[in-house]
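Participant: mind folding the following:
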Amino acid sequence: MKKETIFAIMLGIAFGVIVSFFMISKTKDNQLGKSKPLTNEKKIIIPTGKIDIQTQTFKILEPQDKQIFNSNTISIKGEAEKDSLLIIQSPIKDLVYKVPTEKFVVEMPLALGENIINLTLYPKNTQGRIQQKDLRIYYLEEQ
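Facilitator: So this is what the prediction gives:
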């Protein structure tokens, strides 16, 4: 081989080594910049001011589920958040009721036999969740 060929091969190898070291160092810097710290320190931010946490209540006090009646109307008594919207669906009548106070009483007609009454409560607070309850009420005439 000629001197020029050997010199060109050596120069190519040297240039390749320099470029590879340069690429490795840049890649390492980028990886260190993107890596997560080894400590698990978390910043806890304590809010200042009053936190308004309200628990939602939706209870049906009367009638009990699977109760039998001999009259064609019942009174549904319960507790719910004030100013929430209560939707009552039964086989005979659908009713929309705005709860004026925490306790409510609603008169509902019954069909002969089994009545599945679906109660859905939409809270006034939009952050609250919708709550549903089902009642199975039986209306049987006395013989």
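
Participant: and the residue nearest to the spatial centre of the chain, how far is that from N118?
Facilitator: Against the mean C-alpha coordinate of the chain, by Cα atoms, centre = their mean, the closest residue is R129 at 8.0 Å. Per Cβ to Cβ, to the nearest Å, R129 is found 17 Å from N118. The way it works is simple: take the backbone N, C-alpha and C, and place the C-beta from them, glycine included.

Participant: so is the closest residue to D83 other than its chain neighbours in a helix, a strand, or just coil?
Facilitator: Nearest non-adjacent residue to D83, counting by Cβ to Cβ, 6 or more residues apart in numbering: K124, 4.3 Å away. When classified by DSSP: H, G, I helix; E, B strand; the rest coil, K124 comes out as coil.

Participant: same question for the one 5 residues further on.
Facilitator: Remark: R129 carries the secondary structure label coil [criterion: three-state DSSP].

Participant: mind checking pLDDT for it?
Facilitator: Note on R129: pLDDT of 84.

Participant: one more: E4?
Facilitator: 87.

Participant: does K59 touch E79 like I think?
Facilitator: Yes: judged on Cβ atoms under 8 Å, K59 makes contact with E79 at a distance of 4.6 Å.

Participant: so for the two, which sits in the more crowded spot?
Facilitator: Set K59 next to E79 and count neighbours by other Cβ atoms under 10 Å: E79 wins out with 14 against 10.

Participant: now do the helices in the chain.
Facilitator: Secondary structure of the chain by DSSP state H: the helices cover 3-34.
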